[in-house]
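Chemist: here is the input, now give the coordinates:
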Amino acid sequence: AFQVYDSSTKDGSVAALTFFTLVSTTTTTPTTTTTATPENDSALADECATQIHTLWKHFRGRDAAKAYSGYHVKRWPLEAYISEDEKPTRINPHPQPVRALSKNEWGDRLLFAGSETDRMSPGVMEGAVGAAMRVVRDLQESLK
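Modeler: Modelled structure (predicted):
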């Protein structure tokens, strides 16, 4: 499973990718075998770059993904309250829309706008934006 978000600036002065991925705990190349342990972020960055390289090679035919200048690794499964599995083997699917979560309460005076309350894309950034836009529309309507 692999999700990529372009975090680059509009003017192109900063090029960055943000991604969520599952990688194997052991990476084998023709010359080395590296274990991606919690202490080995370099191996994880190399594994992610290899995955991106494999994908980009099909579209761009070049080795740009291997030329990264830096990386920051955040291992969410190791964070308290984020995951019950320190070594996940799959990314859980995003939740399905639950209409009741987007329903206004207390005579339309209490509105919910979290990402999980979106009716189209709950649980992702697009859902957070969609939920916020829905609440803005509801507020505008109530102020007429």
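Chemist: going by C-alpha atoms from here, please, whenever you check contacts or count neighbours.
Modeler: OK.
Chemist: tell me where the protein has strands.
Modeler: Listed in chain order, the strands of the chain (DSSP state E) span 2-6, 17-21, 26-28, 33-35.
Chemist: pull out the buried positions in the longest helix that the chain contains.
Modeler: Longest helix in the chain, counting residues (DSSP state H): helix 41-60. Using 16 or more other C-alpha atoms under 10 Å as the test for burial, helix 41-60 gives 41, 42, 43, 44, 45, 46, 47, 48, 49, 51, 52, 53.
Chemist: out of those residues, which comes closest to residue 74?
Modeler: residue 41 (8.9 Å; C-alpha to C-alpha).
Chemist: from residue 110, how far out is the spatially closest residue to the closest one that is not a sequence neighbour?
Modeler: Spatially, and ignoring its direct neighbours in sequence, residue 41 is nearest to residue 73 (6.3 Å; C-alpha to C-alpha, 6 or more residues apart in numbering). Distance of residue 73 to residue 110, given as C-alpha to C-alpha, to the nearest Å: 38 Å.
Chemist: swap in residue 97?
Modeler: Relative to residue 110, residue 97 is positioned 19 Å away (C-alpha to C-alpha).
Chemist: ok, now residue 16?
Modeler: Distance from residue 16 to residue 110, counting by C-alpha to C-alpha: 38 Å.
Chemist: between the two, who's got more neighbours?
Modeler: Comparing residue 16 with residue 110 by other C-alpha atoms under 10 Å, the one with more neighbours is residue 16, at 15 against 10.
Chemist: that older thread, how far does the longest helix of the chain sit from the chain's center?
Modeler: In terms of C-alpha atoms, centre = their mean, to the nearest Å, the gap separating the centre of helix 41-60 from the centre of its chain is 16 Å.
Chemist: lovely, talk soon.
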